[in-house]
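> Kindly generate the corresponding structure for this input.
(one chain, ligands or ions: 1)
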Amino acid sequence: MNRGKSGRTRNEGRGSGETTTASSSLFPPSFRITDCHIHIQPWRQLKPAVMETMRRGKEDRFEFLLSLMDDPTLLLRIMDEEGIDRVGMVNYPSPDLMGFTNDTNDFAARYAEADPRRLIPYGGVHPRFAKDPAGEVRRLVDLGVRMLKIHPNHQCFPANAYTDGLDALGTLYKACENHGLPVMIHTGTSIFPGARSKWGNPMEMDDVAIDFPDLPLVMAHGGRPLYMAEAFFILRRHRRVWLDLSGIPPKGLLGYFPRIAELEAQLLWGTDWPSPGVESMRRNVDDFLGLDLPESLKRAALEGNPERLLPTRS
Ligand SMILES: [Zn+2]
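Residues are numbered from 1 along each chain as shown. Here you go, the predicted model:
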């Protein structure tokens, strides 16, 4: 496996197949990193205004990123170069706000076929549109989807909306609980046009954790940048809720969560790449490894905890 840093940037820019042999001293070869949160999605479905937001800041490589969404061999090559063993590919329908239809699930499943061990498809069911939420969850499981994403900001309901009339959401959680299918819930803000950041408050996961005691739950982004106190409370109150670290700039992690070490057993590594501000998967890993945190915590987040939640399927 080659982990050349310069190879990464060159490849992102030009799609070259060359790699370098440079390696990082921060990176013991024994780490088998799972990035639980990257965005490999059918970006060609994005609504024009959303596409513009997505393009911002990455104009120089946007065409490359679009082709990445069509070609898993490109992603696997970047993962090799950056020393990333596995990735979780976040997908969810949001037809009215983002432009993603239910095809996003088939997209993720098809993309993962290029290497089912290393590419882990996530999918979604939209409770405001689904006619048969339980049946659609079953279909996702049959497709090989291993995590269901709920995006309150982009799907326009709070994560506990089943307590206030959105029955389909409760049916969906129950079906996931029955199948043992983990549910990842976005928390924090979103910058895309139309996104409702008021529904990014992690407190709403309190209801979900109480009402679905056997449902594996993942809190994405720790409520950043507005709701860290609520996030930390939920994570300590419900020890089976995982914290996906994506969307939190690693260098700022201890500022956002000074007591992060208390959550060691719940941490999942994630980057949100290639979202705005995330240059590469590897860059974030290096920044995280550079933090003044116990080695055991780093290993747990990067390797051990993702393996417990999403065991490698060979
Ligand atoms: Zn994300």
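> And the pLDDT for the closest residue to D214 other than its chain neighbours?
Spatial nearest neighbour of D214, chain neighbours left out: E177 (5.2 Å); criterion: C-beta to C-beta, 6 or more residues apart in numbering. For the C-beta atoms, the positions are set from N, CA and C on the backbone; glycine is no exception. With respect to pLDDT, E177 scores 98.
> the helices in the stretch 51-200 of the chain, which residues?
Using DSSP state H, counting those that start in this stretch, the helices of the stretch 51-200 of the chain run over 62-68, 72-82, 103-112, 133-143, 152-155, 167-179.
> do the stretch 201-314 of the chain as well
Counting by DSSP H, counting those that start in this stretch, the helices of the stretch 201-314 of the chain are 204-211, 228-237, 253-256, 281-289, 295-299, 305-309.
> ranking those helices by burial, who's on top?
helix 281-289 (a mean of 21; mean count of other C-beta atoms under 10 Å).
> got the angle between that one and helix 72-82?
If you take axes from the mean of the first three to the mean of the last three C-alpha atoms, to 10 degrees, helix 281-289 sits at 30 degrees to helix 72-82.
> which helices and strands does helix 281-289 pack with?
helix 72-82 (3 or more C-beta pairs under 8 Å, 6 or more residues apart in numbering; DSSP states H and E).
> Might one say that P294 is in contact with E262?
No: counting by C-beta atoms under 8 Å, P294 sits too far from E262 to count as a contact (11.6 Å).
> May I see the helices of the stretch 201-314 of the chain arranged in JSON lines, with distance to E81 and mean pLDDT as well?
Converted to JSON lines, these look like this (distance: least, C-beta to C-beta, whole Å; pLDDT from 0 to 100):
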{"stretch": "helix 204-211", "distance to E81": "36", "mean pLDDT": "98"}
{"stretch": "helix 228-237", "distance to E81": "33", "mean pLDDT": "98"}
{"stretch": "helix 253-256", "distance to E81": "24", "mean pLDDT": "98"}
{"stretch": "helix 281-289", "distance to E81": "8", "mean pLDDT": "97"}
{"stretch": "helix 295-299", "distance to E81": "21", "mean pLDDT": "97"}
{"stretch": "helix 305-309", "distance to E81": "20", "mean pLDDT": "98"}
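> Please produce TSV containing those, extended by distance to R128.
Putting the helices of the stretch 201-314 of the chain into TSV (distance: least, C-beta to C-beta, whole Å) gives the following:
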stretch	distance to R128
helix 204-211	16
helix 228-237	24
helix 253-256	31
helix 281-289	32
helix 295-299	38
helix 305-309	27
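> who wins for proximity to R146 among these?
Nearest to R146 among those is helix 305-309; the distance by C-beta to C-beta comes to 9.2 Å.
> neighbours of R313, just the number please.
9 (other C-beta atoms under 10 Å).
> Which of the residues in stretch 149-165 are classified as buried?
Across stretch 149-165, burial judged by 16 or more other C-beta atoms under 10 Å covers 149-162.
> Let's see which of the residues you listed end up in strands.
In strands, judged by DSSP state E, the following of the buried residues of stretch 149-165 are found: 149-150.
> Name the nearest of the buried residues of stretch 149-165 relative to R299.
K149 (25.9 Å).
> Could you verify my assumption that that closest one touches V125?
No: judged on C-beta under 8 Å, K149 makes no contact with V125 at a distance of 9.6 Å.
> picking that back up, for the residue nearest to D214, give me its contacts.
Listed by C-beta atoms under 8 Å, 6 or more residues apart in numbering, the contact partners of E177 are 212, 214-215.
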